[in-house]
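Q: give me coordinates for this.
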Amino acid sequence: MDFLNAFNNLQNRLFALKVVQIPKRKQFTLKDVSAHCTEADCWMVVKDVVYDLTEFMREHPGGSDIMLEYAGTDATMAFSDKPHSLDAWTILEKYIVGELVPEERMFDTNISS
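A: Residues are numbered from 1 along each chain as shown. The predicted model follows:
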């Protein structure tokens, strides 16, 4: 009986976890992102995730000019080609505004999960 009670308890906990779901990210097209291409409004895509990096431009160690080059575009290759630390990836997380629509993604097709 103890096994059955433990199993039911685990099953109830798993069910409860499924009830509370993480909301899906807003989806954007590359055309949507391309409208945000100025120093005052700078969005970029890195690995299919859309970031609003407007506030970060002044803090970027390489300066805002390099970021402005990729504003409104998919900057995955530029970001990957430069030596960025794990901290850089962590910093990016707070600037997420959404993700690319599935038909325009080039990487993981299940990035919202």
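Q: list the contacts for Asp41?
A: By CB atoms under 8 Å, 6 or more residues apart in numbering, the contact list for Asp41 reads Thr54. All C-beta spots, glycine's among them, are computed from the backbone N, C-alpha and C.
Q: centroid residue for this protein?
A: By CA atoms, centre = their mean, the chain has its centre lying nearest to Val49, at 3.7 Å.
Q: once you drop chain neighbours, what's closest to that residue?
A: Glu99 (5.3 Å; CB to CB, 6 or more residues apart in numbering).
Q: in whatever helix or strand that neighbour lives in, what counts as buried?
A: Counting by DSSP states H and E, the element that carries Glu99 is strand 96-100. Using 16 or more other CB atoms under 10 Å as the test for burial, strand 96-100 gives Gly98, Glu99, Leu100.
Q: strand partners (parallel or antiparallel) of that strand?
A: strand 27-28 (parallel), strand 49-52 (antiparallel) (DSSP bridges).
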